[in-house]
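Chemist: need a 3D model of the sequence below.
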Amino acid sequence: MYPRVSQGRRILGITIDWLACYAIALGFFAGGGSLADRVPEARLPVLLLLFAEYSILVALGGSSFGHRLVGLKVVRFSDGGAVTPVQALIRTALLLPIVTAITFDENGRGINERFSNTVLVKSRA
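Modeler: Numbering: from 1, shown residues only. Reported below is the predicted structural model:
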């Protein structure tokens, strides 16, 4: 059994990831003009960047940018080992529709974690 990670820490980690991707999308993919003009153009790039950032970094290093900053890591639920790329993709695909990330079981795992056989834990840094 893994100790639960607080909801605040989870939300802070994904918020950091989202804000970083939003900044990149606004800077590189949203065209020119005022901020109000660029925001609508950044919506799809933000989601694509977040999907790529989250899935690649979790698959390669066990934690996204935001996870690393708040001291979290994704591991396999069954044995605590490193997640596979397929698990990272499943976890990410189910994380983006936010309702799956805020519905938890008795172990504190969201739907995205149950289907990908992963769990978010405090990293030993």
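Chemist: which SSE is immediately downstream of the worst-scoring helix or strand of the chain on mean pLDDT?
Modeler: The helix or strand of the chain with the poorest confidence is helix 35-38; it has a mean of 76 (mean pLDDT, DSSP states H and E). Using DSSP states H and E, the helix or strand that follows helix 35-38 towards the C-terminus is helix 43-61.
Chemist: find the nearest non-adjacent residue to Ser78, please.
Modeler: Asn117 (6.0 Å; Cβ to Cβ, 6 or more residues apart in numbering). (Glycine included, C-beta is placed from N, CA and C.)
Chemist: list the residues that contact Trp18.
Modeler: Val46, Leu50, Gly66 (Cβ atoms under 8 Å, 6 or more residues apart in numbering).
Chemist: one more time with 10 Å
Modeler: Val46, Leu47, Leu49, Leu50, Glu53, Tyr54, Gly66 (Cβ atoms under 10 Å, 6 or more residues apart in numbering).
Chemist: of those residues, keep whichever come out buried.
Modeler: By neighbour count, with 16 or more other Cβ atoms under 10 Å, these hold Val46, Leu49, Leu50, Glu53, Tyr54, Gly66 as buried.
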